[in-house]
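Asker: Requesting a structural model of the entry that follows:
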Amino acid sequence: MNIQAIKPLNSLEELNNIKQSDKKSEALSQNPFKTIFEDALNNVNESSQKWNEEVIKLATGETDNLHDVMIASTKYTMSVELLVQLRNKALEAYNEIMNMGV
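Answerer: Okay, here's the model as predicted:
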């Protein structure tokens, strides 16, 4: 008679990750543009705050690492450019739909 060991259940963390990914995919299926635009807007806000913190640290002498300030600045610039491009594409799509003949 062969007895097999009991295998441990999946950890709660893995189950929570699955639930969160399901919620996110459900939100994307309901209104994908809104979710993408909100994520881009949140990314702009976060990178702006990080950039401001790095600039203040450099200005007050808390750090002398210009490299981190430049990285934060570039991330902020790129996130703003992404948000602007999303807006432009949305407006182009809207205008194209409005110009369609019925």
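Asker: Okay, now the unreliable bits of the protein?
Answerer: In the predicted model, the chain carries pLDDT under 70 at residues 1, 6-16, 19, 22-29.
Asker: Report the central residue of it.
Answerer: In the chain, the centroid-proximal residue (C-alpha atoms, centre = their mean) is residue 39; its distance is 4.5 Å.
Asker: That one: which element?
Answerer: Using DSSP states H and E, residue 39 sits within helix 32-60.
Asker: tell me the contacts of residue 66?
Answerer: The contact partners of residue 66, taken as C-beta atoms under 8 Å, 6 or more residues apart in numbering, are residue 58. No exception for glycine: its C-beta is placed from N, CA and C like everyone else's.
Asker: Let's test this: what are the backbone torsions at it?
Answerer: phi -70, psi -30 (degrees, to the nearest 10).
Asker: And the closest residue to residue 56 other than its chain neighbours, how far from residue 50?
Answerer: Once flanking residues are discounted, residue 56 sits nearest to residue 62: 7.9 Å by C-beta to C-beta, 6 or more residues apart in numbering. The span separating residue 62 from residue 50 equals 15 Å under the rule C-beta to C-beta, to the nearest Å.
Asker: what do you get for residue 66?
Answerer: According to C-beta to C-beta, residue 66 and residue 50 sit 15 Å apart.
Asker: now do residue 75
Answerer: In this view, residue 75 and residue 50 are 7 Å apart by C-beta to C-beta.
Asker: Give me the distance between the residue nearest to the centre of the chain and residue 59.
Answerer: Residue 39 is 30 Å from residue 59, where distance means C-beta to C-beta.
Asker: One more: residue 80?
Answerer: From residue 80 over to residue 59 the distance is 21 Å, taken as C-beta to C-beta.
Asker: out of the two, which sits in the more crowded spot?
Answerer: residue 80 (15 against 10; other C-beta atoms under 10 Å).
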